[in-house]
Every structure is written in C-alpha cells, then in structure tokens.
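Enquirer: Got a sequence here, can you model it:
(one chain, ligands or ions: 2)
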Amino acid sequence: MKHFINLKDISSRDLRKILIDAKKRKQSRKKLNNLDNDKGAPLKGKLLIQMFEKSSLRTRLSFYLAIKQLGGSTLTLRPDELHLSKGGESIEDTAKILSNFGNAFMLRTDNDVKLEDFKKYLSIPIINGLSPSSHPTQILSDVFTVEEIKKKPISKLNITWIGDSNNVLNSLIAASIKFSFKLKIGCPKNYQPSRNVKNYIKKNRNKVSIHYDPKKAAKDADVIFSDKVISMNDKVNKLKKLNQFKKFKINKKLMSFAKKDCIFLHCLPRGKEVEESVFLSKQSKVWQQALNRVHVQKSILLYCFGKLR
Ligand code: CP
Ligand code: NVA
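Expert: Ligands and ions are numbered 1, 2, ... in the order given. You can find the predicted model right below:
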C-alpha cells in the first residue's frame, strides 16, 4: 500500500511507472464506453471514498470514472454531513472507520496538516486531491498530456508557467525535479515562489528560472501552463492581485514569443488570466488535458494498491 500526497515524496521511477501504465491502459480501451471495465478489472470489489472540503468538478468526475473503469466503486462524503467537522469527532476515529469501510481515501482539503494526520491513522492509502501546497494528481496527468501531444520525454522540452505561485505550480516544480525538465516561471516579483519552495529547488540543483517579464518566460517555450490568479480560499485583496497580474495575461502576442507549435495548458477552472483567443485556439489542449486525468488517476490508484503492472 502506498500514499499519494506529494510528488516530492515519490521516486522518479515510480512516477514514470505510473505514466507508462496510464499510456497502455488508455490505448487499450479506445473502443470501450466510459463505464466499461478495463480488462481484468484489477480493482474489482474496491471502494474509493472521496471527500471534498473545497469545490471540484474535474477531480470528482475523473476519480469516479477511474475507479469504475478499474472495476471498483466510489462514494463521495460531504464534509458538512460528517461528525468530524460538526460534532468534533476526531480524525483518528474517522480514519479508523474509513479504513474499515473503504479501500482508499481521496481528500481535497484546505489544510495540508490534515492529509498528514489522516495518513497517520489510516490503514488504507490516502490521495491528495488538491491542498493549499500542491495538486499532485493534476500535474502528473499534465506531464502525461505533454508527452502524449509532443511525443517526446518532457525532459527534452521547454516548459513555462505564467501565473500565480500556487499549489499547481508547486507540483509542477516538484515534477521538474522528478522528471528533469527545464522550467521557466513568469510572475510578478511579489508573487514569486516562497522561500521554502526556492530552497527546495536549490537543494535539488534544478534549473528553474523566475522571470518578472512574461515575454522572457514565454520565449522558446514548447508548453505554456497557466492557472487562475485567485485560487480557492485565496485570502488576498483580489482586485489588487488581479491588477498586478494584468501584464501576465496570456494572449496571442505573448504566445508569439514561444515556439510556433507551443501548446497551452490550464488545469481549469479558468479566470481572466487567459484570453479566449488563446484558450479556444488550436494551440490550447485543455479538454484533452482534463480528460487525461481519468487515465493517469487509474494508474495512481493501482500504484496505491500496489498493483501497478
Ligand atoms: N483541475 C481541477 O482540479 O479541477 P476541479 O477543481 O474542478 O476538480
Ligand atoms: N490553484 C487552483 C487550482 C484549482 C484546480 C486552486 O487551488 O483553486
């Protein structure tokens, strides 16, 4: 049994194994319907319990399909209906019940410590479905999408992030270390990655560069990533922050600094950080990106269950 909380804590070898398995599985179910099982239904009889303390559309749907296709099932808990939040039931007791009734737990939370606390008391795997510090299932799936479209290992590509220094970027930085790719970050000076994140980059001698001029960040990119400037529960002066990001808006002009065949990716939901002319252009691969989460999360589930081929 393995947990999936942070890309940093998983070996490059295991992450690569997940992507290889996802590719094989995706290819082998081209003619199947969404709810048809993968051959052998490797997670037959298994229950994935999901809980979202914050909104979700894609993560919810993709985990639903992922466990179904593997032959298992899922149940989504509403945090406001549990004794954990209302009646003060402890994480320890909640975790014991989850472990007795279910086989894996996916949690989207506003508190990184909660993931660690659950991990301590669960005897089933826990998967981080987004936390304030990371969004590992999203980024592993995005590495898959990049390699699928570019038909090259991501280590041979120039990856750019233009946007806020948030959870999704933190996972992209961790991925850049695990998969050895060059990463340029374009953001306003006062919204650059935290000191902790910069220390992590330094410690791993990675080639991440930070640019306060978005054109420099976009230059020669094979892939440009972005995300909302204001994340869920971002406790900032929203107007002020949006104003500071104005010149980082992704438009055709900014895309023209990248390579001609540069693709645009965005985990969604979107805000005003990208113009429709880019978001709806041929360069944008956001729908393929969203759908790939099903395929990669299936292999993440198998990794957690110790059943990766
Ligand atoms: N990208 C992503 O995680 O989307 P949701 O918030 O809709 O799950
Ligand atoms: N950074 C965004 C990602 C949403 C999927 C947020 O945390 O709200």
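
Enquirer: Could you confirm whether stretch 230-244 reaches ligand 1?
Expert: No: judged by CB under 6 Å from any ligand atom, stretch 230-244 makes no contact with ligand 1; its nearest approach is 7.7 Å. Any C-beta I mention is one placed from the backbone N, CA and C, and that applies to glycine too.

Enquirer: how about the nearest residue to the residue of the stretch 201-309 of the chain found nearest ligand 1, chain neighbours excluded?
Expert: Residue nearest to ligand 1 within the stretch 201-309 of the chain: residue 267 (3.8 Å; CB to the nearest ligand atom). Closest residue to residue 267 apart from its sequence neighbours, by CB to CB, 6 or more residues apart in numbering: residue 138 at 5.1 Å.

Enquirer: Based on its surroundings, how many neighbours for that neighbour?
Expert: The burial count assigned to residue 138 is 25, neighbours taken as other CB atoms under 10 Å.

Enquirer: Please give the element, helix or strand, for it.
Expert: Using DSSP states H and E, residue 138 sits within helix 136-150.

Enquirer: Residues touching that helix, excluding its own?
Expert: 4-7, 15, 18-19, 22-23, 59, 127-130, 153-154, 157, 159, 168, 171-172, 174-175, 179, 222-223, 225, 263, 265, 267, 285, 288-289, 292-293, 295-297, 300 (CB atoms under 8 Å, 6 or more residues apart in numbering).

Enquirer: Just the buried subset of those, please.
Expert: The neighbour count (16 or more other CB atoms under 10 Å) marks 4-7, 15, 18-19, 22-23, 59, 127-130, 154, 157, 159, 168, 171-172, 174-175, 179, 222-223, 225, 263, 265, 267, 285, 289, 292-293, 295-297, 300 as buried among these.

Enquirer: Can you tell me which of those residues end up in helices?
Expert: 15, 18-19, 22-23, 59, 168, 171-172, 174-175, 289, 292-293, 295-297, 300 (DSSP state H).

Enquirer: mind checking the SS state of residue 185?
Expert: In three-state terms, and counting by DSSP: H, G, I helix; E, B strand; the rest coil, residue 185 is strand.

Enquirer: returning to that earlier point: which ones, among the ones in helices among the buried ones among the contacts of helix 136-150, also lie beside ligand 2?
Expert: Among those, ligand 2 is touched by residue 168 when using CB under 6 Å from any ligand atom.

Enquirer: Just want the phi and psi numbers for the residue of the chain most remote from its centre.
Expert: Residue farthest from the centre of the chain, counting by CA atoms, centre = their mean, is residue 87 at 31.7 Å. When read as degrees, to the nearest 10, the backbone of residue 87 gives phi -100, psi 10.

Enquirer: Can you check the pLDDT for it?
Expert: As predicted, residue 87 sits at a pLDDT of 79.

Enquirer: ok, it to ligand 1 distance?
Expert: 28 Å (CB to the nearest ligand atom, to the nearest Å).

Enquirer: same thing with residue 166?
Expert: Residue 166 is 12 Å from ligand 1, by CB to the nearest ligand atom.

Enquirer: Is that residue in contact with residue 231, as I believe?
Expert: Yes: counting by CB atoms under 8 Å, residue 166 touches residue 231, with 5.0 Å between them.

Enquirer: Alright, I will stop here.
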